[in-house]
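Asker: I need the structure of the sequence given here:
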Amino acid sequence: MKSKNHLRLAVVFAVALGAGFFALGVHGAQALDRALIFSPKDTGTVLDQPFVVTGKAAVKSTVFVWIDSKLVGGAAVQKTTNKKATTNWFTFTYKKELKVGTHVVETQVVKGAEKSVLTSTTVTVPATWRRKVDGVLVPTKLWNQLPFGVMIENTLAARPQAGLSQAAIVYETLAEGGVTRFLAIFPQATKPKLLGPVRSTRPYYADWAKEHDAIYLHAGGSQDAFQEIGRLKVRSYDGLTRIGAKYFSRKCFGVHCLFTSAVQLDKLVKEKKLTSIVAKSDDGWAFKNDAPLKDRPKSASSKKLTIDFNGLTYRVDWTYDRATNRYKRMNGGVIAKDRNTGKQIRAANVLVMRIPKEKVLDRKLRLEFKLIGRGDATLYRDGKAIALRWWKKDKNSKTVYYIKGSTTQVEFNRGTTWVEVVPGTRSVTYK
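Answerer: Have a look, this model is predicted:
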């Protein structure tokens, strides 16, 4: 009886040569080195689809792949420009979805009558995984979908805004003239029935959108912002252009009236074939479960976090609800509600990020922020204030947050995070 290896190689050669059964076991055949597999790692976790095998093998050979004892295909190993090189990279992409569970992946290198021994790797596709943008446990295939990033207005005329309560992350800072504006990051699977009012972009909002590899929706923008979008290759959909307009709608007349919706967002990702693309940003922030009730300080419920961006109209207050472990938002001295639900906006985490004083660029009072480098931050989580340091290496890097005095990244609670980016010496109090 032929060995398992010989039987499999018989099938391999039948596939490779388009012939019938090809008997192996040629006497004197020289064994090839087996493939050196770089990905996936043995006993590794597979999160992203399609499933890919990469490694190195002998040039001008073919690497065949089995999954759970079934031959699923192969990859050719090309020659290199270096004539002395005996190996080269190969990539095999599995065309079907690798199902939830544990799988055995085997590879074998074949070159003419030569063959290698089998390599065997065990991988697991978990049923659920933490979503990259907010740490919420979701079916694994949804953990790393491209999120949406939407510019939302915050003038008095725009309040209450629609859809903010469903955001995973909201960045709030000054746009110009003392007016704040939001970049709201939404998981692709979370599409508010109505979202807006949508307003124009600025370079620093585009930077944050890029950190999450977001599908970026806005209504126009400054020239600097468009340059930044182009330089960073942000997926941008502008509601004021012919191409982007169909993903937005007007609910009234004026600058506060442009919205998008679940129907239009769904149309966008399907037309642009964005549903199966995974975000290329890094592994995201670290997340944890909420602290149990007994570990939440009772005194925190009597304290208020106040951020004075520009007088009462743009003052932000956050108060802590110990029972739900959430922070409740007020804006301009009024409860901040979601237009879709009528309920108060809440957050699992409130991060105050201090940055240097803004630079005014032009007569329209547009601003420039220094977001590369290091600075102080405070995370309000579980009723506690945690001192942090933030660091961003360059324009193409993600901002990371470390516990002050250490090299340990802070853990966020799973759920919504509001990032309050406060320039200069503007007042922030917690009492």
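Asker: Give me the distance between the residue nearest to residue 235 when sequence neighbours are not counted and residue 275.
Answerer: The spatial neighbour of residue 235 that comes closest, neighbours along the chain excluded (CB to CB, 6 or more residues apart in numbering), is residue 215 at 5.0 Å. For glycine as for every other residue, the C-beta is placed from the backbone atoms N, C-alpha and C. Counting by CB to CB, to the nearest Å, the gap between residue 215 and residue 275 amounts to 11 Å.
Asker: Ok, residue 244 next?
Answerer: Between residue 244 and residue 275 the computed distance is 19 Å (CB to CB).
Asker: which of those two has more neighbours?
Answerer: Relative neighbour count places residue 244 above the other of residue 244 and residue 275, with 17 against 12, counting by other CB atoms under 10 Å.
Asker: what's the pLDDT at that one?
Answerer: The per-residue pLDDT reported for residue 244 equals 95.
Asker: I'd say it and residue 238 touch.
Answerer: Yes: assessed by CB atoms under 8 Å, residue 244 is found in contact with residue 238 at 4.4 Å.
Asker: State the helix or strand in which residue 180 lies.
Answerer: For residue 180, the enclosing helix or strand under DSSP states H and E is strand 179-186.
Asker: Give me the sheet partners of that strand and which way each runs.
Answerer: Based on DSSP bridges, the pairing partners of strand 179-186 within the sheet are strand 148-153 (antiparallel), strand 169-176 (antiparallel).
Asker: Any idea how far the helix or strand just after it is from the middle of the chain?
Answerer: Read in the C-terminal direction, the helix or strand following strand 179-186 is helix 203-211, with elements assigned using DSSP H and E. Mean C-alpha position of helix 203-211 versus that of the full chain (CA atoms, centre = their mean, to the nearest Å) differs by 13 Å.
Asker: Quickly list what's touching both of residue 215 and residue 275.
Answerer: 188, 269 (CB atoms under 8 Å, 6 or more residues apart in numbering).
Asker: For stretch 135-154, what is the spacing between the initial and final residues?
Answerer: Between the opening and closing residues of stretch 135-154 there is a gap of 27 Å (CA to CA, to the nearest Å).
Asker: same deal with stretch 330-340?
Answerer: Taking CA to CA, the span from the opening residue of stretch 330-340 to its closing residue is 17 Å.
Asker: Buried by neighbour count: which residues of it qualify?
Answerer: Neighbour counts over stretch 330-340 (16 or more other CB atoms under 10 Å) mark 330, 331, 332, 336, 337, 338, 339, 340 as buried.
Asker: Dump those residues to JSON lines, plus pLDDT and secondary structure.
Answerer: Compiled in JSON lines, the buried residues of stretch 330-340 are given as follows (pLDDT from 0 to 100; DSSP: H, G, I helix; E, B strand; the rest coil):
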{"residue": "330", "pLDDT": "98", "secondary structure": "strand"}
{"residue": "331", "pLDDT": "98", "secondary structure": "strand"}
{"residue": "332", "pLDDT": "97", "secondary structure": "coil"}
{"residue": "336", "pLDDT": "98", "secondary structure": "coil"}
{"residue": "337", "pLDDT": "98", "secondary structure": "strand"}
{"residue": "338", "pLDDT": "98", "secondary structure": "coil"}
{"residue": "339", "pLDDT": "98", "secondary structure": "coil"}
{"residue": "340", "pLDDT": "98", "secondary structure": "coil"}
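Asker: Most widely separated two among these?
Answerer: 332 and 340 (19.8 Å; CB to CB).
Asker: Count the residues that sit near residue 42.
Answerer: 11.
Asker: picking up where we left off before, quick one: closest of the strands paired with strand 179-186 to residue 128.
Answerer: Comparing those by CB to CB, strand 169-176 comes nearest, at 20.5 Å.
Asker: what's the closest non-adjacent residue to residue 377?
Answerer: In space, and not counting its chain neighbours, residue 377 is closest to residue 388: 4.2 Å by CB to CB, 6+ apart.
Asker: who are the neighbours in contact with the one you found?
Answerer: By CB under 8 Å, 6+ apart, the contact list for residue 388 reads 351, 376, 377, 378, 379, 401, 402, 403, 404, 410.
Asker: of the residues you listed, closest to residue 137?
Answerer: So of those, ranked by how close each gets to residue 137 (CB to CB), first place is residue 410, at 19.8 Å.
Asker: I figured the closest one hits residue 379, correct?
Answerer: Yes: under the contact definition of CB under 8 Å, residue 410 touches residue 379, with a separation of 5.7 Å.
Asker: Mutual contacts of these two, please.
Answerer: Contact criterion CB under 8 Å, 6+ apart; residues shared by residue 410 and residue 379: 386, 388, 401.
Asker: In CSV: the residues you listed, plus secondary structure and distance to residue 271.
Answerer: What follows is the shared contacts of residue 410 and residue 379, written out as CSV (DSSP: H, G, I helix; E, B strand; the rest coil; distance: CB to CB, whole Å):
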residue, secondary structure, distance to residue 271
386, strand, 43
388, strand, 40
401, strand, 36
